[in-house]
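Visitor: sequence first, then the predicted structure:
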Amino acid sequence: MSAHKKLKITYRQAACMYYAVEHTAENAQRCAEKLARDEDSILVYKSDPEDPFVMSKAKVNARPITYKKYLQDYPRAETPEASSDVGDKENKDLTEAQLVETLDTLFLIDDPGNDALYNSVSLSNSAVIKMLAPHLRDDLLDPKRFGQWCKIKDHLSRYQAEIQDMKNAGIEVLGYVRKSPSQGKNDNNRVKLLQQMVSRLQERSRVDKVYVSPCCTSSGPLPVRDMPRPTSILKKLHNVDGSCQDLLNYLKATPKDICLVALDFAGLSTDCHDIYQFVCDNTRIQKLVIDLIPSLSKVIIFDRQDIISKPEILEAFNCRQAPAKRSR
């Protein structure tokens, strides 16, 4: 799916790299057995599969996005038809991030140069659907819809590659979630929707931290949001790093350059003048990213220099016409 070539290496190939020996069947077996002696550790990598290292399984399980596992060496089927059962056991509860990772692992556009793992074949959408049917949502079993979904995910892969480039350049990626006040007083539903938005930021934008405004309007001034602190709701959320006030404090204290991500324009603010002042006051902000993937299949990135020199580009924020489902 991804237009970016992804190098795929098996665990035994990585084991030979780790011990700096030539990859042969004998060496691969010996290196894998040597690693297996420590039952509490596993060979993983971060961004470069050719740079393997040993990490405790507990840490890998705690940070599965940071520490990536290698593919195991399994016998390949001789034909696509023979391998049509990627998994007999039905599991339609995969997150979209997990499904994308599965597709990116099984089906590559470019030749990875690893005959131990891949055959070169031509597959239609229908053939791919047949192979993945136990794991696909019902709406993705239609070839046309599946093709459209793949286009969106291809854009997502490109976007995530750009996010990784930012991180490699030393930019920290922060997420911000906001939910408007509502007439109902059901905190459980509000927490559920906020948690879904937090998950979307983590899955799609690979954010390092997430800050939340549980109950504020889209036009509310950023400097005074979450005053007083919404402690009761924040305590019910997982994997969040505080409120908007905590975000403001972090922006003042951090020595790192920042990319701030929000889900649609109104997820940050609909007051373009307030956003301009927010960027001016917080000099660490180098980029603003607006995730419009669910609605428009795209992401918009604003660079600090462009915001300062051409503030009119922020007029895009003053465009909320209908409620947006940021939890998607």
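Guide: Happy to help now that I have it.

Visitor: Arg206: what's it in contact with?
Guide: For Arg206, the contact set (CB atoms under 8 Å, 6 or more residues apart in numbering) comprises Ile65, Gln160, Ile163, Gln164, Lys167, Val173. (C-beta placed from N, C-alpha, C; glycine too.)

Visitor: buried residues in the helix or strand Ile163 falls within, which are they?
Guide: Element membership of Ile163 [criterion: DSSP states H and E] is helix 143-168. Judged by neighbour count (16 or more other CB atoms under 10 Å), helix 143-168 contains these buried residues: Phe146, Trp149, Cys150, Ile152, Lys153, Asp154, Leu156, Ser157, Tyr159, Gln160, Ile163, Met166.

Visitor: ditto for stretch 240-250
Guide: Judged by neighbour count using 16+ other CB under 10 Å, the buried positions of stretch 240-250 are Val240, Asp241, Gly242, Ser243, Cys244, Gln245, Asp246, Leu247, Leu248, Tyr250.

Visitor: helices and strands around the helix holding Ile163, which ones?
Guide: Contacting helix 143-168 under the criterion 3 or more CB pairs under 8 Å, 6 or more residues apart in numbering; DSSP states H and E are the following elements: helix 96-106, helix 125-132, strand 172-178, helix 187-205, helix 293-296, strand 299-303.

Visitor: ok now the shortest one, how far from the chain's centre?
Guide: It refers to helix 293-296. When distances are taken as CA atoms, centre = their mean, to the nearest Å, helix 293-296 is centred 15 Å away from the chain's centroid.

Visitor: which elements pack onto the worst-scoring helix or strand of the chain on mean pLDDT?
Guide: Across the helices and strands of the chain, mean pLDDT, DSSP states H and E gives its lowest value to helix 96-106, namely a mean of 74. Taking 3+ CB pairs under 8 Å, 6+ apart as contact, the helices and strands that helix 96-106 lies on are helix 125-132, helix 143-168, helix 187-205.

Visitor: Val100 reaches Tyr159, doesn't it?
Guide: No: counting by CB atoms under 8 Å, Val100 stays clear of Tyr159, with 11.6 Å between them.

Visitor: could I get the pLDDT score of Leu117?
Guide: Here the pLDDT value assigned to Leu117 is 68.

Visitor: domain ranges for this structure?
Guide: Split into domains by automatic domain parsing, the chain comes to 11-147, 170-317.
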